[in-house]
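have a look; sequence and predicted model below, questions after that.
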Amino acid sequence: MPVVFAAVCPHPPLLVPEVATGAAADLDTLRAACLTAVDQLATADQVVVVGSGVERTYEGSVGGGFGAYGAASVRFGDGPAVLPLSLAIGGWLLEQSKAAGVPRSYRAIDPATPPAACVDLGRSIAQGNDRVGLLVLGDGAPRRSEHSPVHLHPRAEIFDSTVARALAAADADVLAALDPDLAAELQAAGRAPWQVLAGALGGLQGQLLYDAAPYGVGYFVASFT
């Protein structure tokens, strides 16, 4: 059965209030948009969480946490916190949402994975008999302003605008065509996960819930039903 719901969220550690501490309110709007998108996964039979990292599949019970970001008390799952940041944010969002009780698994995809392989992975996720909810974690370019984590790049805003429009329109063709070399130059961590989404979208319709660049990093939240 195809993916029946999907959500796209960014994965800055500052989404976790205990990490952001006094600056937590700065991302209240982003955090609320993420939870709105993730809540829609609650009626799926299972949730697959996809984000960038060393290529690996993790069981849903695996541990995640934010001790490396100064919030050792925030953790979930069993055993050591082994999930990479993108998947840890995905797991944390699920724990805060109406989808907390839905069985889940995690899939880390190498940021350098070619577009065709990303799309093929999305298609494989969409196969099977379960009603799948897909949670895709990915940041846009961290080069959107003079105050960005990386130096301003003249193509960063254009790249991010292309992604935002594609998410809003559920345009799998545009997402699948994102240039991996440009994405790498812009350090846009979401390229490979978004292309996994492109392979899984089927006939879903998209709604863009958030598109902004706080701290000079492009963040998008979208929901697909």
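Perfect, I can see it now.

in the protein, which spans are helices?
Ranges of helices within the chain are 17-20, 28-39, 85-96, 115-125, 156-169, 172-176, 180-186, 191-200, based on DSSP state H.

by contact count, what packs against the third one?
By that I understand helix 85-96. strand 3-9, helix 28-39, strand 46-52, strand 62-66, strand 71-76, strand 104-109, strand 132-137 (3 or more CB pairs under 8 Å, 6 or more residues apart in numbering; DSSP states H and E). For glycine as for every other residue, the C-beta is placed from the backbone atoms N, C-alpha and C.

on that earlier part again, relative to Gln46, which of the helices of the chain is closest?
helix 115-125 (10.2 Å; CB to CB).

next, the buried residues of that closest one.
115, 118-119, 121-123, 125 (16 or more other CB atoms under 10 Å).

still on that earlier bit, so which of the helices and strands packed on helix 85-96 is nearest Ala212?
helix 28-39 (7.4 Å).

that older thread, CSV for the helices of the chain, including distance to Pro2 and mean pLDDT?
Converted to CSV, the helices of the chain look like this (distance: least, CB to CB, whole Å; pLDDT from 0 to 100):
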stretch, distance to Pro2, mean pLDDT
helix 17-20, 35, 93
helix 28-39, 18, 97
helix 85-96, 20, 98
helix 115-125, 10, 97
helix 156-169, 18, 98
helix 172-176, 12, 98
helix 180-186, 25, 97
helix 191-200, 7, 98
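
so which of the ones you listed is the most surrounded?
helix 191-200 (a mean of 28; mean count of other CB atoms under 10 Å).

run through who's touching that one.
2-3, 6, 8, 50-52, 86, 109-113, 115, 118-126, 132, 134, 136-138, 163, 166-167, 172-173, 175-176, 178, 180, 183-184 (CB atoms under 8 Å, 6 or more residues apart in numbering).

so can I have CSV of the helices and strands packed on helix 85-96 showing distance to Leu209?
Shown next, in CSV, are the helices and strands packed on helix 85-96 (distance: least, CB to CB, whole Å):
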stretch, distance to Leu209
strand 3-9, 9
helix 28-39, 4
strand 46-52, 18
strand 62-66, 24
strand 71-76, 24
strand 104-109, 21
strand 132-137, 14
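
for Leu152, which of these is the nearest?
Closest approach to Leu152 among the helices and strands packed on helix 85-96 is made by helix 28-39 (21.4 Å; CB to CB).

got the CA coordinates for the closest one in PDB?
Provided in PDB are the C-alpha atoms of helix 28-39 (Å, rounded to 0.1, in the frame of the first residue of the first chain):
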ATOM      1  CA  ASP A  28       7.700  28.200  19.100                       C
ATOM      2  CA  THR A  29       6.100  28.700  15.700                       C
ATOM      3  CA  LEU A  30       8.400  26.200  14.000                       C
ATOM      4  CA  ARG A  31       7.800  23.600  16.800                       C
ATOM      5  CA  ALA A  32       4.100  24.000  16.600                       C
ATOM      6  CA  ALA A  33       4.100  23.500  12.800                       C
ATOM      7  CA  CYS A  34       6.200  20.400  13.200                       C
ATOM      8  CA  LEU A  35       3.700  18.900  15.700                       C
ATOM      9  CA  THR A  36       0.800  19.700  13.500                       C
ATOM     10  CA  ALA A  37       2.400  17.800  10.600                       C
ATOM     11  CA  VAL A  38       3.500  14.900  12.700                       C
ATOM     12  CA  ASP A  39       0.100  14.500  14.400                       C
END
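
one step back: make a markdown table out of the helices of the chain and add distance to Ala68.
Shown next, in a markdown table, are the helices of the chain (distance: least, CB to CB, whole Å):
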| stretch | distance to Ala68 |
| --- | --- |
| helix 17-20 | 10 |
| helix 28-39 | 20 |
| helix 85-96 | 8 |
| helix 115-125 | 27 |
| helix 156-169 | 26 |
| helix 172-176 | 30 |
| helix 180-186 | 24 |
| helix 191-200 | 21 |
